[in-house]
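In: This is a predicted model, with the sequence first.
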Amino acid sequence: MHILGNIGKSSLLAASIFWIIILSDTFNWDMVPYIFISLIPIYVICALTILITICPIFWFLENDNYNKQRIFKTYFPIYTTLMFSLCAYSIYKISTDIVVLSFFISAYITTVQSWVWFTKEKVEIK
């Protein structure tokens, strides 16, 4: 499993979605330094989320009889439903602030895409 590559791609995806949503609402040149500074906490949050919620499913369930595609088909719908419910409930309860919205939207999209990246097999060219 290519964990570091997945965390890196997920962090860039999350940062992109987060800042596209925020900057589409208001753009201010003073925000540019915060874009680069925000990459650190976004990376940490993505790494923790992937290592705590997604990796254990693959670590404990993957074996000769239960491959990545079967794990994906079995557990991805459950995980997606739970994540969507959690993110929607959090948005409803916390606030409708653009930062909160962009955080939960980027978190949901990133975790869903991370599952896809974990499921893809690396093709070796000979």
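Out: Good, I have the coordinates.
In: any idea how far the most centrally placed residue in the chain is from residue 87?
Out: Relative to the mean C-alpha position of the chain, the nearest C-alpha, by CA atoms, centre = their mean, is the one of residue 110, at 2.5 Å. Counting by CB to CB, to the nearest Å, the separation of residue 110 from residue 87 is 11 Å. Yep, even glycine has a C-beta here, placed from its N, CA and C like the rest.
In: Kindly report the same for residue 95.
Out: 14 Å.
In: quick one, which of these two is more surrounded?
Out: residue 87 (19 against 11; other CB atoms under 10 Å).
In: State the mean pLDDT of whichever strand or helix holds the more buried one.
Out: Counting by DSSP states H and E, the element that carries residue 87 is helix 68-94. The average pLDDT within helix 68-94 is 89.
In: Which SSE is immediately downstream of it?
Out: helix 98-119.
In: dump the residue contacts of residue 13.
Out: Neighbouring residues of residue 13 by CB atoms under 8 Å, 6 or more residues apart in numbering: 106, 109-110, 113.
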